[in-house]
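# Next input, structure requested:
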Amino acid sequence: MQHIRVALAAVVVSSAVVALGFAGRSRVHERAKFPDTPAVARLPIRGPLVRPDLTVMATLRATPKRAGSVWMTVDSGATGVTMPDTTYGTLGLDILRGVTIRTEDPSGRVLRREAGLVPTVQLGELVVEDVVTALGGEANVLGQSILAHSVWEIDWDRGMLTLGGTPWPPGGDTVVVPLRAEADGEVVSFQVGGVPLDMLLDTGAFASTVPTNVAARVSLGGRAVPPTVLHSVAGEVVVRRVFSGSARLGPLSVGTVDLAGVSTGGRRANLGLLGLDVLSRFQVQVVPGSRLALRPRGDVRKTTKERIARWPFIPSTCPHTGCVHAELTPHGEDARITVTLEADLGQPLDVLFGCAGATDDTFVPTGSSFAFGAPPPVARHVRVRVQGSRRGDQAVISRGAGWFEQGGCNSLEALDVSPTRPYDTPAAAAPSTTDKGSELQATFWP
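Below you'll find the predicted structure:
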């Protein structure tokens, strides 16, 4: 089967170090104010399977009548909360005069950003007050000023982030590795090729990295790669060399990993980043400053109903899980897909399809799995963006006939469904789409 492939030209690496500088603001004593007895919050992850996209919905509230819901990237490598000026501006809040946020870009260069104060950030059942945020960049980021307050965990198979809760007991299929607090983050010892490396736990990093000077000092084996840009909310670095080896987290074998070599400085100059290419292989729990617990991933087919049920706007009474199914048919050298919605869901959706009834399709390869290598040669899934108010639509997947030549099926069922905007946003308030934007868009994955 032939695929049209796009060369990997950009990989996401986490935000840089952030620190606060205060001047004449008696209200600002800490980066966030938590309730005396914080609630346990379970938040749907926007895209747990394909990228994965560790983004959750938060409600930002300036007053009881002025609030908005936004997607926030959960980034354990960022020390605080960051949001674009446009997001902060919609709340009608003033910039904190005399308060700055100190940041370091990936090269270690020190920058300073203006600061804001959000009266309330609601994350499911958890309500946090007086949240200091750095202003700028393109993403809403949820960093250590929130995460370091209590235990947090990621269930990729069910698509849920839990803030709070009880630490997993060690033993059985749970592996526990020590963590230590350092450089406003969580640091773990990670062995690559038998060499221990200090790695910052970084859920905002798409690919794991190592400083090139550290890799040279411990004689890690490496190879040259075409220049690849790693982006972050704080800037970007160019990768020209990748270091590989068999890896271990404590007693746990992680398999072979690729670490992007980066030149950096500042407070984290000697720390690598342990990113989603490794962390998405496991169910993850963090007890801040104490330990990292890991459990094996399961069969994604067995958790499909639970995963899709994380969205309360999707009915559970439809004939097909997720209220959507599809058919693929040959169309010359292409493939024609017909998507059927069984309910009016009222908003655009991203749907991941797999062959209906398949028993050997137990995992979905993530983009982080082949960040610096080739993806699997045969596609097993179809990704579709569909308008949630349209009951049926068709599209042609270019050069898709190879799907059938490789034993691909005709009938597709949903493995995951995700809204493309916060689901409590009224349809009337959503940005309008062009005719092209409202058409069904479908591609094979990977």
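
# Could you say which helix or strand holds residue 307?
According to DSSP states H and E, residue 307 maps onto helix 304-308.

# counting contacts, what elements does that helix pack onto?
Contact here means 3 or more C-beta pairs under 8 Å, 6 or more residues apart in numbering; DSSP states H and E; on that basis helix 304-308 packs against strand 411-419. All C-beta atoms are positioned from the backbone trio N, CA, C, and that covers glycine.

# what comes up buried for the strand it packs on?
412-419 (16 or more other C-beta atoms under 10 Å).

# And for stretch 344-362?
So for stretch 344-362, counting by 16+ other C-beta under 10 Å, buried means 345, 347-355.

# hang on, the earlier thing: just how off-centre is the helix or strand following the helix holding residue 307 within its chain?
Next in sequence after helix 304-308, counting helices and strands by DSSP H and E, comes strand 324-331. Offset of strand 324-331 from its chain centre (C-alpha atoms, centre = their mean, to the nearest Å): 29 Å.

# With only the CA atoms kept, save strand 324-331 in CSV.
Provided in CSV are the C-alpha atoms of strand 324-331 (Å, rounded to 0.1, in the frame of the first residue of the first chain):
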residue,chain,number,x,y,z
VAL,A,324,-21.1,7.2,14.4
HIS,A,325,-20.0,4.6,11.9
ALA,A,326,-18.5,4.5,8.4
GLU,A,327,-18.2,2.5,5.2
LEU,A,328,-15.1,2.4,2.9
THR,A,329,-15.5,1.4,-0.8
PRO,A,330,-13.0,1.3,-3.7
HIS,A,331,-13.2,4.4,-6.0
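
# So what are the sheet partners of that strand and their directions?
strand 334-341 (antiparallel), strand 411-419 (antiparallel) (DSSP bridges).

# ok, residues contacting the last one?
By C-beta atoms under 8 Å, 6 or more residues apart in numbering, the list of residues contacting strand 411-419 from outside reads 46-50, 159, 300-301, 304, 307-308, 311, 313-314, 320-322, 324-328, 337, 347-357, 364, 381-382, 388.

# mind checking the end-to-end distance for stretch 57-75?
Stretch 57-75 stretches 14 Å from its first residue to its last (C-alpha to C-alpha, to the nearest Å).

# what's in contact with that stretch?
Contacts of stretch 57-75 (C-beta under 8 Å, 6+ apart): 14-15, 43-44, 46, 54-56, 83, 87, 90-93, 118-123, 139-143, 147, 161, 202-204, 421-425.

# returning to that earlier point: might you calculate how far the helix holding residue 307 sits from the centre of the chain?
Per C-alpha atoms, centre = their mean, the centroid offset for helix 304-308 relative to its chain is 18 Å.

# now do stretch 72-86
Its chain's C-alpha centre and that of stretch 72-86 lie 12 Å apart, by C-alpha atoms, centre = their mean.

# same question, stretch 171-182
The answer for stretch 171-182 is 22 Å, by C-alpha atoms, centre = their mean.

# For it, list the C-alpha coordinates in PDB.
Provided in PDB are the C-alpha atoms of stretch 171-182 (Å, rounded to 0.1, in the frame of the first residue of the first chain):
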ATOM      1  CA  GLY A 171       3.600  -4.500  43.400                       C
ATOM      2  CA  GLY A 172       1.800  -6.600  40.800                       C
ATOM      3  CA  ASP A 173       1.900  -4.800  37.400                       C
ATOM      4  CA  THR A 174       2.800  -1.400  39.100                       C
ATOM      5  CA  VAL A 175       6.400  -0.300  38.800                       C
ATOM      6  CA  VAL A 176       7.500   2.600  41.100                       C
ATOM      7  CA  VAL A 177      10.500   4.800  40.300                       C
ATOM      8  CA  PRO A 178      11.900   7.600  42.600                       C
ATOM      9  CA  LEU A 179      11.400  11.200  41.600                       C
ATOM     10  CA  ARG A 180      13.100  14.300  43.000                       C
ATOM     11  CA  ALA A 181      12.100  17.900  42.800                       C
ATOM     12  CA  GLU A 182      14.600  20.000  40.800                       C
END
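
# Which positions within it qualify as buried?
175-177, 179.

# Looking at those, which is nearest residue 191?
Here the nearest of those to residue 191, counting by C-beta to C-beta, is residue 177; it sits at 10.7 Å.

# excluding its backbone neighbours, what's nearest the closest one?
Of all residues not flanking residue 177 in the chain, residue 250 sits nearest, at 4.0 Å (C-beta to C-beta, 6 or more residues apart in numbering).

# For that neighbour, the count of nearby residues, please.
15 (other C-beta atoms under 10 Å).

# That one contacts residue 175, doesn't it?
Yes. Shown here, residue 250 and residue 175 form a contact pair, counting by C-beta atoms under 8 Å, at 6.3 Å.

# Buried among the contacts of stretch 57-75? Make that a PyMOL selection.
PyMOL command restricting these to the buried ones, with burial defined by 16+ other C-beta under 10 Å:
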select buried, resi 14+15+43+44+46+54+55+56+83+87+91+93+118+119+120+121+122+123+139+140+141+142+143+147+161+202+203+204+421+422+423+425
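
# Among the contacts of stretch 57-75, which are located in helices?
If you go by DSSP state H, the contacts of stretch 57-75 have 87, 90, 147 in helices.

# about what we covered before: pull out the buried positions in the helix holding residue 307.
So helix 304-308, judged by 16+ other C-beta under 10 Å, has buried residues 304, 307-308.

# Brilliant, that's me finished.
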